[in-house]
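Chemist: Quick one, what's the 3D model for this:
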Amino acid sequence: MKKDELVQAIADSAGLEKADANRALDAVVEVITSTVASGERLQVPGLGTFEPRERNAREGRNPQTGETIQIAATTTPGFKAATAFKNAVAGS
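Modeler: Numbers count the residues shown, from 1 in each chain. Next up, the predicted model:
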């Protein structure tokens, strides 16, 4: 499903105009992004938890040359699905 299809599905489900549904979706994505970027967790009951995850610095290899390189520590976004979401996807 592409964004336009998601916006239409939200509009149909919530009884909104398509433009309003698009603004609502953009706002949700913006809030999730800014919350996780600031280092906080965000829980959406029935969907899951968005959170920042720390990756330690480590050694890696350049696949072309085989040379050992240092990979810096970084923070990445993580998502853990809620049980209800997992069950819905699994079909139970």
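Chemist: Every contact and neighbour count from this point should use C-alpha atoms.
Modeler: Fine.
Chemist: Next secondary structure element downstream of the helix ranked longest in the chain?
Modeler: Ranked by residue count and defined by DSSP state H, the top helix of the chain is helix 18-37. Remark: after helix 18-37, the chain's next helix or strand is strand 42-44, criterion DSSP states H and E.
Chemist: just checking, what packs against whichever strand or helix holds residue 9?
Modeler: Counting by DSSP H and E, the element that carries residue 9 is helix 3-14. Applying 3 or more C-alpha pairs under 8 Å, 6 or more residues apart in numbering; DSSP states H and E, one finds that helix 3-14 makes contact with helix 18-37.
Chemist: gap between the helix it packs on and the chain center?
Modeler: Centroid separation between helix 18-37 and its chain, computed with C-alpha atoms, centre = their mean, to the nearest Å, is 12 Å.
Chemist: what mean pLDDT does the longest helix of the chain have?
Modeler: Mean pLDDT, helix 18-37: 97.
Chemist: Buried residues in that helix, which are they?
Modeler: 18, 21, 22, 24, 25, 32, 35, 36 (16 or more other C-alpha atoms under 10 Å).
Chemist: if we take those residues, which one ends up nearest to residue 8?
Modeler: residue 18 (6.1 Å; C-alpha to C-alpha).
Chemist: Not including adjacent chain positions, what is the nearest residue to the closest one?
Modeler: Using C-alpha to C-alpha, 6 or more residues apart in numbering and skipping the chain neighbours, the partner closest in space to residue 18 is residue 11 (5.3 Å).
Chemist: ok, now how distant is the residue of the chain most remote from its centre from residue 72?
Modeler: For the chain, the C-alpha farthest from the mean C-alpha position belongs to residue 65; by C-alpha atoms, centre = their mean, that distance is 33.7 Å. Residue 65 sits 19 Å away from residue 72 when distances are taken as C-alpha to C-alpha, to the nearest Å.
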